[in-house]
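Peer 1: Please find the sequence and the predicted model below.
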Amino acid sequence: MKIAVTSTGPTLDDTVEARFGRCPYFLIIDPDTMEFEALPNPNISQGGGAGIQSAQLMANRDVAVVLTGNCGPNASRTFGAAGIQVISGVSGPVRQAVQQYISGTPVQTSAPNVDKPSGMEIGRGMGGGRGMGGGGGSRQGN
């Protein structure tokens, strides 16, 4: 079994990253030996769909469990379809998070724990809702 942990850096002593889809690294860990692979996240700079792409990456790596701070609805659906268990609300050093998982300490979250993808505003144009879209002024006359 492989466990993936979102991480701020490439070592077990780095901190669990709160963002799933845009984390700097995924540490893919064998919990029996604590051997791991540090995988830089290729989706960190995507304009959209980072959570889905990152979840698919975990499925392609045969990960059974993901430990992360937050998981949005799109990634959560992708994990569900792939049969991957997600535990969100995880924080602290990666090594400690894995040890807590092995001992059964974290609580499994079956639903996404954020409403929308982190790092992007949905449904806003370039004006950010401040009337800068042009053509929206009042009309006088007639």
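Peer 2: Arrived safely. Residues are numbered from 1 along each chain as shown.

Peer 1: who's in contact with the residue nearest the centre of the chain?
Peer 2: In the chain, the residue lying closest to the centroid (CA atoms, centre = their mean) is Phe20, at 1.2 Å. Applying CB atoms under 8 Å, 6 or more residues apart in numbering, we find Phe20 in contact with 6, 51, 54-55, 66, 68-72, 75, 88. All C-beta atoms are positioned from the backbone trio N, CA, C, and that covers glycine.

Peer 1: What of Thr6?
Peer 2: 16-20, 23, 25-26, 66-69 are the contacts of Thr6 under CB under 8 Å, 6+ apart.

Peer 1: Please identify which of the residues you listed is nearest to Ser103.
Peer 2: Nearest to Ser103, judged by CB to CB, of the contacts of Thr6 is Leu67 at 13.1 Å.

Peer 1: roughly how far apart are the closest one and Met1?
Peer 2: Applying CB to CB, to the nearest Å, the value for Leu67 to Met1 is 13 Å.

Peer 1: same thing with Phe79?
Peer 2: 15 Å.

Peer 1: can you give me the helices in this structure?
Peer 2: Secondary structure of the chain (DSSP state H): helices at 50-60, 73-82, 94-103.

Peer 1: and the second one, how far out from the chain's middle?
Peer 2: Using CA atoms, centre = their mean, to the nearest Å, the mean C-alpha position of helix 73-82 is found 11 Å from that of the whole chain.
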